[in-house]
Each structure stands twice: as structure tokens, then as C-alpha cells.
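Colleague: below are the sequence and a predicted model for it; my questions follow.
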Amino acid sequence: MLLLVLGAEFLNGWTDAPNATAAAVATGLLTKKTALWLAAVLNFAGTLAALFFGAAVAKTIGTGIVSPDVVNLYSIGAAMSSVILWGLLAAYIGLPVSKSHALFAALAGAAFHDGGTAALVGYGWIKILKGVAISTFIVFIISWTFSSLIQFANLHWMTDRHWRQLQAVTVMLVAFGHGWNDGLKFIGVFALVLLLAGVTPVFYVSPWIVVICAIVMGMGTLLGGWRIVTRIGKDMVNNLYHPSQGVVAEFVAASGIAATAFFGIPMSTTHTVVSSVAGAKASHGFHSVNWKTVRIIVQGWIATLICCSVVAYALSYIVGLFH
């Protein structure tokens with residue numbers, strides 16, 4: 001069962017983590033190879049940050065989404081299998097989908113099979129809804145506002161070189177934030193599995209769990225999901241992507257991811273980056289954003305919720321026939 005959790009974490013690094021550097025690749029600041037290593041190292045460091053700044057997101061996932069008293073190891077295995085299958089399909093077709101929402105939907109589907117609505121924890125789902133609102137509407141508005149203000153200020157003294165120097169910092173913040181928020185989600189599931197298996201008497205995120213998952217996600221990142229990054233980075237914009245927009249998009253995304261991590265609100269890096277990139281680009285005119293690609297991405301998010309929940313429920317049902 002733990003191998004399935006680690007497999008999902010590996011896939012998280014493979015397909016989600018490179019999204020943190022998508023804007024930097026699109027602006028030409030980083031090559032794909034450099035961005036790949038940067039994402040791997042900083043995602044690893046960001047996940048390890050839980051040892052010092054807390055693992056609130058892991059606790060939300062492990063105890064605040066589904067009731068540990070209702071679910072069992074088989075249902076968690078079904079949920080992880082659903083996440084992995086959907087992630088592989090999305091990576092194959094180059095569709096940027098949220099592993100966070102895949103996880104939420106899969107856990108919900110498996111838990112609903114085990115105990116109906118009673119298996120779902122209300123306050124945890126409220127946090128998830130807050131995360132969705134922040135990572136889409138709020139991030140878009142803030143990114144659009146900041147980018148518009150920069151245009152209005154007409155900062156002639158800020159050359160492309162200055163913006164690129166700033167973006168070298170902001171891209172690292174996004175990658176680090178992904179590890180601290182997104183990376184902790186499957187750490188929460190890992191700790192939940194140990195609780196359900198009777199290895200630990202209470203839900204507890206031990207340092208060794210954090211280290212193992214950080215290593216696995218870092219290894220996954222090195223594979224690089226560049227078909228997905230290409231769609232987020234270049235298909236999201238028309239023509240050239242100005243470095244100032246990259247700075248704004250990454251700064252807003254990193255701030256949102258880090259701030260919510262403190263409060264244990266699970267945030268999707270994919271959601272946040274896409275919304276922030278779209279907001280920054282929209283400040284130069286809404287026609288600048290490739291809304292067709294945005295629509296495809298949104299459809300992918302909706303499909304994620306439906307497919308992962310249904311598949312997890314079906315797998316739980318099948319497994320239940322033999323146990």
C-alpha cells in the first residue's frame with residue numbers, strides 16, 4: 001500500500017512539479033534542462049521545509065478529508081491507483097491536471113463507497129473549497145492587478161535584465177512552495193496508511209516520512225513532464241511573454257501557495273500557476289490569453305474530479321468483493 005502512495009508522490013513530482021518553472025521556460029529565462037534540475041532540488045527542499053515550518057497540509061489530507069474511522073487500507077489503495085492511472089493518462093496526452101484535485105476526488109470516491117457521506121469530513125472540504133477559490137479567482141485578480149500597476153507605473157529603469165534577475169528568484173519560490181504544499185499531500189496519505197495499518201497509534205507525520213517522500217518526489221521531478229509544461233507556458237500566451245509578467249505570475253503564485261500552507265489549506269500548483277499566468281497576461285489585454293487552452297485545462301480539471309472519484313469508487317467496490 002505504501003508503494004502505491006510513493007508511486008503517486010513520484011507522479012506528483014513527474015507531472016506537477018515542473019509546472020513551477022513553466023513561466024520561466026516560456027520567457028526564455030531557463031532552459032528546460034536547467035528548469036528541470038532547479039525544480040527537482042527546490043521541490044525536495046520545499047518538502048523538507050515541513051520539518052521546520054510544520055506539516056499542516058499533510059494533517060488536513062490525512063485526517064480532515066475522509067474519516068480514518070471509516071476508510072480502510074483497501075479503499076486508500078483504490079484511491080491511489082485512481083490518481084496514478086489518471087496522472088499517467090494526463091501526462092501521455094499533455095493535459096495539465098491537478099494531482100491535488102485528483103487526490104481529493106479519489107479519496108472522496110473511495111470513502112463514499114465505504115461509508116457514504118458520513119465518511120467525508122466537512123471542515124476539510126471547506127478548506128479545499130477555500131484553496132480552489134484562492135488558486136483561481138483570487139490569484140487571477142491579484143496577478144492581473146499587479147501586472148496592470150507595473151504597466152501604469154511605466155518603470156523605464158527596470159530593464160529586461162533586471163526583470164530576469166527578479167524572475168530567477170521568483171521561480172525558485174514557486175518550486176519551493178510546491179514542495180511545501182503539494183508535496184505534503186501524499187505525505188498525509190502515507191501517515192494515514194501507517195495509522196490504518198496499526199503501525200502508529202495516532203496520526204503522526206514523522207521526519208522519516210517527510211524525507212522519503214521528498215526524495216521520491218525529487219526523483220519524479222527529474223523525469224520532467226515537459227509536454228504539460230509546454231501547454232501551460234507557451235500555449236497559455238500569444239507571441240512573446242515579457243519577463244515582468246513572469247515575475248508577477250510567479251510571485252503571486254508562490255505567495256498564495258506559501259500562505260495557504262501555513263493554514264493547512266491544500267493548494268494546487270497547477271491551478272495556481274495557470275491562473276496567475278493568465279492574470280498577468282490578461283493585463284495586456286484579455287485577447288492575449290489563449291482562452292481555448294484555458295478552456296481545455298478547465299475541462300481537464302472537471303474531468304479529473306469526475307473520473308478519479310468514479311474510478312476510485314469502482315476499484316473500492318471490486319476490491320470489496322474479495323474481502
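Modeller: Cool, got the structure.
Colleague: next structured bit after the helix or strand encompassing Ala90?
Modeller: Ala90 belongs to helix 73-93 when assigned by DSSP states H and E. The C-terminal neighbour of helix 73-93 among helices and strands, as given by DSSP H and E, is helix 99-115.
Colleague: what helices and strands are in contact with that following helix?
Modeller: The contact analysis (3 or more Cβ pairs under 8 Å, 6 or more residues apart in numbering; DSSP states H and E) places helix 99-115 against helix 2-11, helix 73-93, helix 160-196, helix 269-282, helix 291-320. C-beta here means a position set from N, CA and C on the backbone, and glycine is covered the same way.
Colleague: let's see it at 6 Å
Modeller: If you count contacts as 3 or more Cβ pairs under 6 Å, 6 or more residues apart in numbering; DSSP states H and E, helix 99-115 packs onto helix 73-93, helix 291-320.
Colleague: list the contacts of the shortest one.
Modeller: Going back to what we said before, that points to helix 73-93. 1, 4-5, 7-8, 11, 15, 97, 102-103, 106-107, 110, 114, 193, 196, 225, 307-308, 311-312, 315-316, 319 (Cβ atoms under 6 Å, 6 or more residues apart in numbering).
Colleague: so how far is it from its chain's centroid?
Modeller: 15 Å (Cα atoms, centre = their mean, to the nearest Å).
Colleague: with the last one instead?
Modeller: What separates the centre of helix 291-320 from the centre of its chain is 15 Å, taken as Cα atoms, centre = their mean.
Colleague: buried residues in that helix, which are they?
Modeller: Residues of helix 291-320 classed as buried by neighbour count (16 or more other Cβ atoms under 10 Å): 293-294, 297, 300-301, 304-305, 307-309, 311-313, 315-316, 319.
Colleague: which helices and strands sit right next to that helix?
Modeller: helix 73-93, helix 99-115.
Colleague: pretty sure Ala312 is touching Phe112, no?
Modeller: No. Look at Ala312 against Phe112 with Cβ atoms under 6 Å: they stay out of range, at 8.8 Å.
Colleague: what is in contact with the two at once?
Modeller: By Cβ under 6 Å, 6+ apart, no residue touches both Ala312 and Phe112.
Colleague: neighbours of Ala91, how many?
Modeller: Around Ala91 there are 19 other residues, counting by other Cβ atoms under 10 Å.
Colleague: typo on my end, it should be Ser206
Modeller: 14.
Colleague: likewise for Thr60?
Modeller: Neighbour count of Thr60, defined by other Cβ under 10 Å: 23.
Colleague: mind checking how far it is from Met217?
Modeller: Thr60 sits 18 Å away from Met217, going by Cβ to Cβ, to the nearest Å.
Colleague: and Pro201, backbone torsions?
Modeller: Main-chain torsions, Pro201, degrees, to the nearest 10: phi -70, psi -30.
Colleague: what's the neighbour count on it?
Modeller: 7.
Colleague: now for it: which residues touch it?
Modeller: Counted by Cβ under 6 Å, 6+ apart, Pro201 has zero contacts.
Colleague: and the pLDDT at it?
Modeller: Pro201 is assigned a pLDDT of 91 by the prediction.
Colleague: what pLDDT is listed against Tyr241?
Modeller: Confidence score, pLDDT, at Tyr241: 55.
Colleague: same deal with Gly220?
Modeller: Value for Gly220, per-residue pLDDT: 84.
Colleague: again, but for the one 10 residues further on
Modeller: The model reports Thr230 with a pLDDT of 58.
Colleague: just for the stretch 151-300 of the chain, where's the confidence low?
Modeller: Residues of the stretch 151-300 of the chain that meet the criterion pLDDT under 70 lie in 224-242.
Colleague: go again using 90 as the cut-off
Modeller: Along the stretch 151-300 of the chain, segments meeting pLDDT under 90 span 151-183, 217-247, 249-250, 258-259, 261-264, 266-278, 280-300.
Colleague: how many other residues sit next to Ser67?
Modeller: Should you count by other Cβ under 10 Å, Ser67 turns out to have 16 residues around it.
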